[in-house]
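[1] The sequence isn't on hand, but the structure is:
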């Protein structure tokens, strides 16, 4: 059986992933990181905003707030909670990929079918080799990561067997977002990541757009507005690419970086487009 046929059934499951990943959901009161403001807040929400719009220099007076948000998020994730976070494409829901109860809570919170996989967020390209069986050049990974892409590859035994148990593949994300990279590195483990919205609902570009989920979350990190919010492309999420078949690639979801991603795969690395499965 050819590699393409071998993974055809699995790709159908992976295609449902938004690419954008504890105690039971709702077990902790919501806390929103944002400075005090006149904007309305959900009852019990703590208002603090993630300082800065990108990386915060070590000598910056805002560094304390940045570090506070990181430490709070890491503590909640290690406790098995679900946390809302900003990424380079959309707001997402993150939990420890090693915590089976947290994974179940994410599905319950979103009303998401457990047949749909969650992506994994990592902090460094080097981490990809621990959690995946990589069959592409290292340069390809570094050309696409960090960035608005989800790379689907064969998973290794290092990942929790309760994470997407129905497929041997996993989608990997390293968002081009300083807070998310700091968070993944400080957490020191894979994070399950999915979009911060109810299943089948529109994706979120600011925290107010998923305000109905706040009471069920342990923590909400407010990184401000993502994108301009005007063009339809800004809500497409990451481009999801299947790299599980050597020498080939398949587009599972076009996302927001389709042209640049396919140009790198075809023109620079000579990969052949195949088993394309647009959502």
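    Here it is on my side, so go on. As the structure is a prediction and not an experimental result, all values here were calculated from the model.
[2] Could you list the low-pLDDT ranges of this structure?
    For the chain, the stretches flagged by pLDDT under 70 are 1-48, 53-61, 275-279.
[3] Please, where are all the helices along it?
    Per DSSP state H, the chain carries helices over the ranges 3-14, 63-78, 100-110, 125-131, 138-144, 178-187, 258-263.
[4] And for the shortest one, what's in contact with it?
    So that's helix 258-263. Applying Cβ atoms under 8 Å, 6 or more residues apart in numbering, the external contacts of helix 258-263 come out as 144, 149, 239, 241, 249, 251, 273. The way it works is simple: take the backbone N, C-alpha and C, and place the C-beta from them, glycine included.
[5] From those residues, list just the buried residues.
    144, 149, 239, 241, 249, 251 (16 or more other Cβ atoms under 10 Å).
[6] which residues touch the fifth one?
    Taking Cβ under 8 Å, 6+ apart as the contact definition, residue 249 lies against 241, 242, 243, 262, 265, 271, 272, 273, 274.
[7] out of the residues you listed, which are inside strands?
    Residues of those located in strands (DSSP state E): 241, 242, 272, 273.
[8] So the last one is in contact with residue 267, correct?
    Right, residue 273. No: taking contacts as Cβ atoms under 8 Å, residue 273 lies outside contact range of residue 267: 11.8 Å.
[9] For residue 128, state which of the contacts of residue 249 is nearest.
    Within the contacts of residue 249, the smallest distance to residue 128 is 10.7 Å, found for residue 243 (Cβ to Cβ).
[10] residues touching the closest one, list them.
    135, 136, 151, 152, 153, 249, 271.
[11] same deal with residue 135?
    153, 154, 243, 244, 246.
[12] Repeat that for residue 273.
    Residue 273 sits next to 248, 249, 250, 251, 262, 265, 266 when contact means Cβ under 8 Å, 6+ apart.
[13] Specify the beta-bridge partners of it.
    Here residue 273 sits in beta bridges with residue 249, as judged by DSSP bridges.
[14] Roughly how far does it sit from residue 245?
    11 Å (Cβ to Cβ, to the nearest Å).
[15] for residue 236, same thing?
    Residue 236 is 24 Å from residue 245, by Cβ to Cβ.
[16] Kindly report the same for residue 87.
    The spacing between residue 87 and residue 245, counted by Cβ to Cβ, is 27 Å.
[17] Of these two, which one has the most company?
    Between residue 87 and residue 245, counting by other Cβ atoms under 10 Å, residue 87 is the more crowded of the two (25 against 22).
[18] give me the number of residues near the closest residue to that one other than its chain neighbours?
    Using Cβ to Cβ, 6 or more residues apart in numbering and skipping the chain neighbours, the partner closest in space to residue 87 is residue 175 (4.1 Å). By other Cβ under 10 Å, the residues close to residue 175 number 29.
[19] Ok, the one 3 residues further on next?
    When neighbours are counted by other Cβ under 10 Å, residue 178 registers 18.
[20] And for the one 4 residues further on?
    The number of residues packed near residue 182 is 19, by other Cβ under 10 Å.
[21] how near is it to residue 122?
    13 Å.
[22] before we move on, what about residue 202?
    Applying Cβ to Cβ to residue 202 and residue 122 gives a distance of 27 Å.
[23] Comparing these two, which shows the higher neighbour count?
    Per other Cβ under 10 Å, whichever of residue 202 and residue 122 has more neighbours is residue 122, with 28 against 12.
[24] residues touching that one, list them.
    By Cβ under 8 Å, 6+ apart, residue 122 lies in contact with 128, 131, 172, 173, 174, 184, 190, 191.
[25] Now the two most distant members of these.
    By the measure Cβ to Cβ, 128 and 191 form the most distant pair in those, at 13.7 Å.
[26] which of the residues in stretch 128-143 are buried?
    Buried, per 16+ other Cβ under 10 Å, within stretch 128-143: 128, 131, 132, 134, 136, 140, 141, 143.
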